[in-house]
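In: one predicted model, sequence on top.
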Amino acid sequence: MARPEKEAAVAELTAKLKESYGAIVTDYRGLPVKALSDLRRQLRAAGAEYRVVKNTLMLRAAREVGIEQMGEVLNGPTAVVFTNEDPATPTKAILTFARQSGLPQIRAAVLGGKLYPAERVQELATLPSRDIMIAWAIGAVQGPVAGLVMALQGIIGALPATLQALAQKQESTAA
């Protein structure tokens, strides 16, 4: 690969690392071409892209975005899953595929500019999707507020009846 082509490839990988919500580094060694195509199709459906990368170019891109430890996981044939959406969905897809076929092997994941080992990637797959977690957070905040609104509505709703009873009591006391 000529130098300008390498620089362009590093720039593209750097942009992918910066723009993506997450990246999963895998070893695709032994994965047949048909299985690789199936995996790419499944990951595309999950909102991710599966790319075979050169280790040296990926390492240079990782260093440019400040992930120095990436060199520890870049050895042998390497492919990376890039996702601009919720990383849990592609992680579940790749782990399901790996359970069925035994490949690819996950080496690490990059989330929020930090490198996590393969064991942590397993934990990521057990998390609910980002949308569900946001809904839970909104529900947790909304619950007490809704309770307060209901209590205030009860007080406001009872106010006219209380005022009417007070007025009748004053009329009966005055008469």
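Out: Looks like it came in fine.

In: ok now stretch 12-27, how far from the chain's centre?
Out: For stretch 12-27, the gap between its own C-alpha mean and the chain's C-alpha mean amounts to 13 Å (CA atoms, centre = their mean, to the nearest Å).

In: contacts for that stretch, please.
Out: For stretch 12-27, the surrounding residues in contact (CB atoms under 8 Å, 6 or more residues apart in numbering) are 51, 53, 57-58, 60-62, 64-65, 67, 70, 73-74, 76-87, 90-91, 94, 104-111, 121. Glycine gets a C-beta too; all of them are placed from N, C-alpha and C.

In: would you agree residue 74 falls within a strand?
Out: No. According to DSSP: H, G, I helix; E, B strand; the rest coil, residue 74 belongs to no strand; its state is coil.

In: just give the nearest non-adjacent residue to it, would you?
Out: Distance criterion CB to CB, 6 or more residues apart in numbering; nearest residue to residue 74, sequence neighbours excluded, is residue 55 at 4.2 Å.

In: hang on, the one you found packs against residue 79?
Out: No. With contact defined as CB atoms under 8 Å, residue 55 does not count as touching residue 79 (10.9 Å).

In: can you flag the buried ones in the contacts of stretch 12-27?
Out: By neighbour count, with 16 or more other CB atoms under 10 Å, the contacts of stretch 12-27 hold 51, 53, 57-58, 60-62, 65, 67, 70, 73-74, 78-83, 85-87, 90-91, 94, 104, 106-111, 121 as buried.

In: in helices, which of the contacts of stretch 12-27 appear?
Out: When DSSP state H defines the helices, the subset of the contacts of stretch 12-27 inside them is 57, 58, 60, 61, 62, 64, 90, 91, 94, 121.
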